[in-house]
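> curious how this folds, go ahead:
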Amino acid sequence: MKIAIVGHGKMGRLIEQLSPDYNCEVALTLDEHNNADGAGITSDNFKDIDVAIEFSTPATVIGNIHRLAALGIHMVIGTTGWLHELLQIRELVIEKNIGLVWSPNFSIGVNVFQRVVAEAARLLQQQRGYEAWAWEIHHSAKKDAPSGTLLKLVEEMHNAGWDRPIDQASNRAGAIPGIHEIGFDSAADTITLRHTARNREGFARGALEAARWIAANKGFYEFREILFR
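Just a heads-up that it's a prediction; the model follows:
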């Protein structure tokens with residue numbers, strides 16, 4: 001399977017490194033030098049590409065998605081900071097009859113963590129003595145704060161029935177791959193749930209797994225929909 005990597009930073013380079021484990025060939029890499037204003041997303045460059053894996057920036061991801069969709073390219077979107085456009089992108093994918101998998105976090109562990117957090121929120125929703133918080137820290141180069149993963153965790157808590165405020169905080173420092181923490185506190189006790197990423201490998205492997213799946217499928221999917229199918 002031939003893939004294109006759109007956004008050749010740390011994540012893109014790791015995906016390229018791990019791609020042989022998934023029988024994938026990286027046939028094209030695009031970055032700020034050869035894809036300024038989407039100049040590298042052309043029919044000639046993508047004529048043999050099965051799937052594009054997009055890990056660029058919040059400022060460029062929407063333009064990249066539109067250009068790739070116009071070429072009929074299936075996609076995996078790992079960039080965050082664009083979810084305000086989610087419904088419009090879903091409509092675009094359906095209109096172009098292509099496949100797209102997105103997630104604020106492609107780590108399998110984080111996707112399991114989301115389910116655990118949602119279940120805790122569901123179980124505690126009627127216990128009015130508890131208050132909740134959500135916190136995350138990432139490396140200083142991460143563009144968006146709070147992270148897309150933290151926002152997704154908070155959304156899942158509300159979807160599970162939590163109807164009270166959730167105090168949120170974010171930090172950016174050093175080279176930390178990512179820590180997400182959800183807590184519930186009462187006068188009697190504290191429950192703390194935490195996921196710690198040791199490196200970016202889990203994100204890259206999840207994206208490659210998604211790419212292999214979406215190459216043979218059409219439609220608009222969140223990663224967990226195919227992970228837990």
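> tell me how the protein divides into domains.
Following automatic domain parsing, one finds the domains of the chain at 2-106+201-227, 108-196.
> okay if I get the ones you listed as TSV plus mean neighbour count and mean pLDDT?
The C-beta positions use only the backbone N, C-alpha and C, and glycine is treated the same way. Shown next, in TSV, are the domains of the chain (neighbours: other Cβ atoms under 10 Å; pLDDT from 0 to 100):
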stretch	mean neighbour count	mean pLDDT
domain 2-106+201-227	19	95
domain 108-196	16	96
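> and the spatially closest residue to residue 65 that is not a sequence neighbour, what helix or strand is that in?
Computed as Cβ to Cβ, 6 or more residues apart in numbering, the closest residue to residue 65 that is not its neighbour in sequence is residue 89, at 5.9 Å. Using DSSP states H and E, residue 89 falls within helix 86-96.
> list of residues touching that helix?
Contacts with helix 86-96, where a contact means Cβ atoms under 8 Å, 6 or more residues apart in numbering, come from 62, 65-66, 69-70, 72, 82, 99-100, 102, 219-220.
> now the element after it, going C-ward?
Downstream of helix 86-96, the next assigned helix or strand under DSSP H and E is strand 99-102.
> only C-alpha atoms, please: export that next one in CSV.
What follows is strand 99-102, C-alpha atoms only, in CSV (Å, rounded to 0.1, in the frame of the first residue of the first chain):
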residue,chain,number,x,y,z
GLY,A,99,-12.9,7.5,3.3
LEU,A,100,-11.5,9.5,6.2
VAL,A,101,-10.5,8.5,9.8
TRP,A,102,-9.9,11.2,12.3
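> contacts for that strand, please.
The set of residues external to strand 99-102 that reach it, using Cβ under 8 Å, 6+ apart, is 65, 74-78, 86, 89, 93, 210-211, 213-215, 217-223, 226.
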